[in-house]
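J.: model the structure of this input:
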Amino acid sequence: MMATIDPNAELFDAPDSSNTGSSMPSSPPPPPPTQDDTSAGSSGGGGGGGGTLHLSVTDPQLVGEGRNAHTFYRIDVRPNQYADTIASVRRRYSDFRWLFNRLHEERGGAIIPIIPHIKAFQLDKRLGEELIEERRVQCEKFLRRVQVHPELEGAPSISAFFSPDAEVFEQAKKDHPETEVEESNNSAKEKVKHFFVKAGIKAKVARGGMEQLEETPDAAQMEEVEQYLSTLETHIKALAKATLYLVDVSKETSTNMHELGQTLFGLQQTYDPDAMQTTSNGGQSDNNSETKSKYPSLKTISNVFASLSAINKVKHDENFLKVSDPIHDLQDKIKGARLALKRRKDHAITYNTFLQQIKNRQATLEKLNQKNATTPQSQTEHQIVTTQQLLDESNKSSKLALAALEKVTQRVFREMDRFKHTVDSDLRMIYVNHARVQVDYSRQLDAEWNKILPNGNVGGGGGAGSAGEVGGVDDDGVLSKEAEMMMI
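T.: Prediction:
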């Protein structure tokens, strides 16, 4: 089921490459060009760059039946967006989740792009087209972001994931490569002791926070990162609530406008004075200003409300795409940053676990030395030798754990510098797009409302405080800048 489209082609080599002996690519795909590069005619993440590869997730295929049914997605690799596919692999949604988790292990402290964990417990929903398509879109976005992530370059799990040899990938999933800090191969008894020491450290952190841990010299800077992320989380949560409400208003307005239009049309069917006047005149329209109302008919008003409903619906859909989706995406990025800090915290706990282990074994060794000085015994001497060996292993492990912690800490700092810039850029883009949508659709909405007003006068007579007084619509039906600003 997992055979590749072209089993003889290496995933990240050109089709005419002479190196076809290895089944695993030597490195992940190179990043797509920057915006400056793409402006020269390329598009879609690799329109013209010489070494750029374009990734796409397509063609979901159902395999199996009943509860054993699952979906495979095809990952196509092209030199650019419009070129022919040079290689393909098929992966399940759970394989993407595996890659996500492995990248956290291999690149601790990196902000890994989030894959929203979309669960469906009912079989019909799990295999539904809507869920499958939603997963496809999320997985494609995930892969493209992983592709350009500077901290993930050369990660072993990426090479395994993209390997055209299905056995290589399956073996990688079975192997579960160990973390950077490898524990010594102690006896089961020592492993149990290590487990309880680590549990004690975690309990201490839970009671007193991270200040209970022995930190690196960068602890103060890390605390600033924690505070920044907590503050950002609070503000983004408030922004998201208010912004998403504004987006949803258009949808609710569309529904209400539709109901108003239908109701007005129904009322017009029960009594239409214009139609009755025409009938009483033998089918001739009466243009007498004394008998004809200066206001538009209910049918005309109902048609305007129908148009307003349609415009608000389209406005909501565009706002959802340009505002709501990016807001949710920004919240996912914050979750990713949280996970990066959690991975760093895990390394800090591991380091402190070995430090506590060193203290415990030093205390044990001291007691054994005192006992041996008082009543020398061969058994005690053997325990001293064994304890000293364990102490040496703990010292070695603590040094490895400290090196890993410092490495992860520096990666967190690099990531947070990029993250702050990304958040600022995303927020600016979101609200510029929101403003553009308001301006564009305010013009259309104003034109429809104008059809109801007598003589098309927005100001309704130009009274004090009316919209016409701040500009409104000119003779050509164009909104003034003042009216646009009021509508925004």
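J.: in the stretch 351-488 of the chain, which spans are helices?
T.: Counting by DSSP state H, counting those that start in this stretch, residue ranges of the helices within the stretch 351-488 of the chain are 378-450, 481-487.
J.: should've said the stretch 101-250 of the chain
T.: 123-126, 129-148, 156-161, 166-175, 188-208, 219-270.
J.: Glu151 is in contact with Glu415, isn't it?
T.: Yes - between Glu151 and Glu415 there is a contact at 6.5 Å, judged by C-beta atoms under 8 Å. The C-beta positions use only the backbone N, C-alpha and C, and glycine is treated the same way.
J.: more neighbours: the two, which one.
T.: A direct count of neighbours by other C-beta atoms under 10 Å for Glu151 and Glu415 places Glu415 higher, at 23 against 19.
J.: I'd like to know how far the residue nearest to Leu402 when sequence neighbours are not counted sits from Arg344.
T.: Spatial nearest neighbour of Leu402, chain neighbours left out: Tyr351 (5.5 Å); criterion: C-beta to C-beta, 6 or more residues apart in numbering. For Tyr351, the distance to Arg344 equals 11 Å [C-beta to C-beta, to the nearest Å].
J.: looking at these two, which has the bigger crowd around it?
T.: Neighbours per residue (other C-beta under 10 Å) separate Tyr351 from Arg344, with Tyr351 holding more: 26 against 21.
J.: hang on, the more buried one packs against Ala403?
T.: No - counting by C-beta under 8 Å, Tyr351 does not reach Ala403; the two are 9.4 Å apart.
J.: Glu224: neighbour count?
T.: 10.
J.: related to what we said a few turns ago, which of the helices of the stretch 351-488 of the chain sits most buried?
T.: helix 378-450 (a mean of 16; mean count of other C-beta atoms under 10 Å).
J.: quick one, that one and helix 219-270 angle?
T.: 30 degrees (axes from the mean of the first three to the mean of the last three C-alpha atoms, to 10 degrees).
J.: low-confidence regions, the stretch 301-450 of the chain specifically.
T.: Within the stretch 301-450 of the chain, not a single segment meets pLDDT under 70.
J.: mind pulling up the pLDDT for Val197?
T.: With respect to pLDDT, Val197 scores 60.
J.: before we move on, what about Gly282?
T.: 56.
J.: circling back to that earlier point, overlap in contacts, Glu151 and Glu415.
T.: Common contact partners of Glu151 and Glu415 (C-beta atoms under 8 Å, 6 or more residues apart in numbering): 109-111.
J.: name the member of the residues you listed that has the highest neighbour count.
T.: Ranking the shared contacts of Glu151 and Glu415 using other C-beta under 10 Å puts Ile111 first, with 28 neighbours.
J.: returning to what we had before: for the helices of the stretch 351-488 of the chain, give me JSON lines that also has distance to Val247.
T.: Formatted as JSON lines, these follow (distance: least, C-beta to C-beta, whole Å):
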{"stretch": "helix 378-450", "distance to Val247": "8"}
{"stretch": "helix 481-487", "distance to Val247": "16"}
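J.: now do the contacts for Val330.
T.: Quick fix: residue 330 reads Leu, not Val. 236, 240, 423, 426-427, 430.
J.: how close does it sit to Ala240?
T.: Distance from Leu330 to Ala240, by C-beta to C-beta: 8 Å.
J.: what segments of the stretch 251-400 of the chain are strands?
T.: Counting by DSSP state E, counting those that start in this stretch, one finds no strands in the stretch 251-400 of the chain.
J.: Three-state assignment for Gln81, please.
T.: Three-state call for Gln81 (DSSP: H, G, I helix; E, B strand; the rest coil): coil.
J.: thought it was touching His54?
T.: Yes - judged on C-beta under 8 Å, Gln81 makes contact with His54 at a distance of 4.8 Å.
J.: can you pick out the residue with more neighbours from these two?
T.: Taking other C-beta under 10 Å, Gln81 and His54 do not tie; His54 has more neighbours (25 against 16).
J.: what's the more buried one sitting at in phi/psi?
T.: The phi and psi values for His54, taken as degrees, to the nearest 10, are phi -110, psi 120.
J.: who's it bridged to?
T.: Beta-bridge partners for His54, by DSSP bridges, are Arg78.
J.: same thing with the one 4 residues further on?
T.: Taking DSSP bridges, one obtains Arg74 as the residues bridged to Thr58.
J.: doesn't Val77 make contact with it?
T.: No - using C-beta under 8 Å, Thr58 makes no contact with Val77, being 11.6 Å away.
J.: higher neighbour count, the two?
T.: Using other C-beta under 10 Å as the criterion, Thr58 and Val77 rank with Val77 on top: 21 against 12.
J.: the closest residue to that one other than its chain neighbours and Glu448: what is the separation?
T.: Nearest non-adjacent residue to Val77, counting by C-beta to C-beta, 6+ apart: Ala87, 4.9 Å away. Here Ala87 is placed at a distance of 52 Å from Glu448 (C-beta to C-beta).
J.: and if you look at Gln138?
T.: Taking C-beta to C-beta, one finds Gln138 at 37 Å from Glu448.
J.: equivalent analysis for Asp76, please.
T.: 45 Å.
J.: neighbours of the residue nearest to Lys420 when sequence neighbours are not counted, just the number please.
T.: Nearest non-adjacent residue to Lys420, counting by C-beta to C-beta, 6+ apart: Tyr228, 7.6 Å away. By other C-beta under 10 Å, 15 other residues sit near Tyr228.
J.: any idea of the pLDDT on Tyr228?
T.: 96.
J.: hmm, back to that, dump the shared contacts of Glu151 and Glu415 into a markdown table; add pLDDT as well.
T.: Formatted as a markdown table, the shared contacts of Glu151 and Glu415 follow (pLDDT from 0 to 100):
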| residue | pLDDT |
| --- | --- |
| Gly109 | 95 |
| Ala110 | 96 |
| Ile111 | 96 |
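J.: nearest to Gln377 among those residues?
T.: Proximity of the shared contacts of Glu151 and Glu415 to Gln377 (C-beta to C-beta) peaks at Gly109, which lies at 48.7 Å.
J.: and the strand or helix carrying Leu62, what's its mean pLDDT?
T.: In the assignment (DSSP states H and E), Leu62 maps to strand 54-63. For strand 54-63, mean pLDDT rounds to 90.
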